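Chemist: model the structure of this input:
(one chain, ligands or ions: 1)
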Amino acid sequence: MAVLHNQVLRPAGFSELFPVWSRYPDAILFAGGTALIRSQGRELPKLPDNVLSLEKIDELHRITRTERYLEIGAAVKLSDIIALGKIVPGAFSRTLRGIAGPSIRNLATIGGNLCVCGDATAPMAALDARYELRSAGGIRWISANRFSSLPMNLQAQELLSRIRIPLEQWTYTIYRKFCSPPENDGGVLLILVQNQKDILAKIQIVFAGHTLFRDKNSETFLEGKALPLDRKEAFHYRDLWKTYLDGLGKPGPLLRSKILNGIEAAILGLAD
Ligand SMILES: Cc1cc2nc3c(=O)[nH]c(=O)nc-3n(C[C@H](O)[C@H](O)[C@H](O)COP(=O)(O)OP(=O)(O)OC[C@H]3O[C@@H](n4cnc5c(N)ncnc54)[C@H](O)[C@@H]3O)c2cc1C
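Modeler: I've put the predicted structure just below:
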């Protein structure tokens, strides 16, 4: 049978999705569609020739919670995650509230956001989330810390299906969103801190923009230290991050100084 073009395909489950996708291998997944139409500047947005809508796949709309994890289907809307309230880790919900306006958040999905390395990439990496990826061949899981650099690391005809977020208590969450128009570069800086009886038990610092930055070595430098920190330690910590970014040779100077200043201000806030 001839394969028709300009189709909007709406499979009703994974069992329909993969056969349809192999019949239309050029079909583009459509979740909320907000990133697909962004920056088109047309009155009527132009869609890809063949569109594979995720709307009717129930598994992608599920939200479950266990004692240790919150699991969210990739097609859940950003506004529905925010509406879950306190069960959503603060870093995640704060970041989602900073994405666009309510009308976009009512359409945009968490899967679509992560697949364009949007702002939600930062909390997912900082919270050590894991992603379930599905293809006709089966399921694989990868760490959010390994799924965050463009080009995306999805294989052909594979989709992001579920996000598993560990539920941990954080004493402080610091969120900063930067835009650096001259370099067309920006992103979200997140700093999570656990204070256990005036000991800095855990710290996780992530910047996610076009690339994900996380220096796990410098995190261990601060862990186990008494709070408040010594100011010298706070400045040394900033220098560790500077060395880390110097080694990577990115981002550009403006964004780099914003990240370093943001980290310095946050760590000085933990010092006496
Ligand atoms: C006015 C405006 C403001 C915006 N502001 C922000 C902002 O502040 N921060 C921000 O991060 N983003 C922003 N965006 C970008 C975008 O809207 C969001 O990132 C949104 O979350 C994308 O989700 P979506 O469901 O609409 O994705 P879609 O547009 O449906 O898809 C985006 C891409 O991901 C692919 N895709 C979607 N779901 C999956 C899946 N489950 N598995 C594999 N691939 C998939 C699609 O094929 C497509 O290539 C903005 C967009 C607009 C229009």
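Chemist: please enumerate the helices of the stretch 101-250 of the chain.
Modeler: Taking DSSP state H, counting those that start in this stretch as the criterion, the stretch 101-250 of the chain contains helices spanning 102-105, 110-115, 121-126, 216-222, 231-248.
Chemist: what's the burial count for the residue of the stretch 51-200 of the chain found nearest the ligand?
Modeler: At 2.0 Å from the ligand, residue 112 is the closest residue in the stretch 51-200 of the chain, using C-beta to the nearest ligand atom. Every residue, glycine included, has its C-beta placed from N, CA and C. Neighbour count for residue 112, taken as other C-beta atoms under 10 Å: 25.
Chemist: again, but for residue 97
Modeler: Residue 97 has 13 nearby residues by other C-beta under 10 Å.
Chemist: would you check that it makes contact with residue 81?
Modeler: No. Contact between residue 97 and residue 81 fails when scored by C-beta atoms under 8 Å: they sit 10.1 Å apart.
Chemist: for residue 69, which non-adjacent residue is closest in space?
Modeler: residue 164 (5.2 Å; C-beta to C-beta, 6 or more residues apart in numbering).
Chemist: so which residues on this protein come close to the ligand?
Modeler: Contact residues (C-beta under 6 Å from any ligand atom) of the chain with the ligand: 28-36, 38, 74, 99-100, 104, 107-109, 111-113, 115-116, 118-119, 154, 159-160.
Chemist: just checking, which of those belong to strands?
Modeler: Among these, the residues falling in strands (DSSP state E) are 28-30, 159-160.
Chemist: residue 69 contacts residue 166, correct?
Modeler: Yes. Between residue 69 and residue 166 there is a contact under C-beta under 8 Å: 6.0 Å.
Chemist: for these two, indicate the residue with more neighbours.
Modeler: Using other C-beta under 10 Å as the criterion, residue 69 and residue 166 rank with residue 69 on top: 15 against 12.
Chemist: phi and psi next, for the more buried one.
Modeler: Main-chain torsions, residue 69, degrees, to the nearest 10: phi -140, psi 150.
Chemist: which residues does it contact?
Modeler: The contact partners of residue 69, by C-beta atoms under 8 Å, 6 or more residues apart in numbering, come to 164-167.
Chemist: which among these gets closest to residue 187?
Modeler: Nearest to residue 187 among those, counting by C-beta to C-beta, is residue 165 at 19.6 Å.
Chemist: can you get me a residue count around the closest one?
Modeler: Per other C-beta under 10 Å, the neighbour tally for residue 165 reads 22.
Chemist: for it, name its beta-bridge partners.
Modeler: residue 70 (DSSP bridges).
Chemist: thanks a lot, see you next time.
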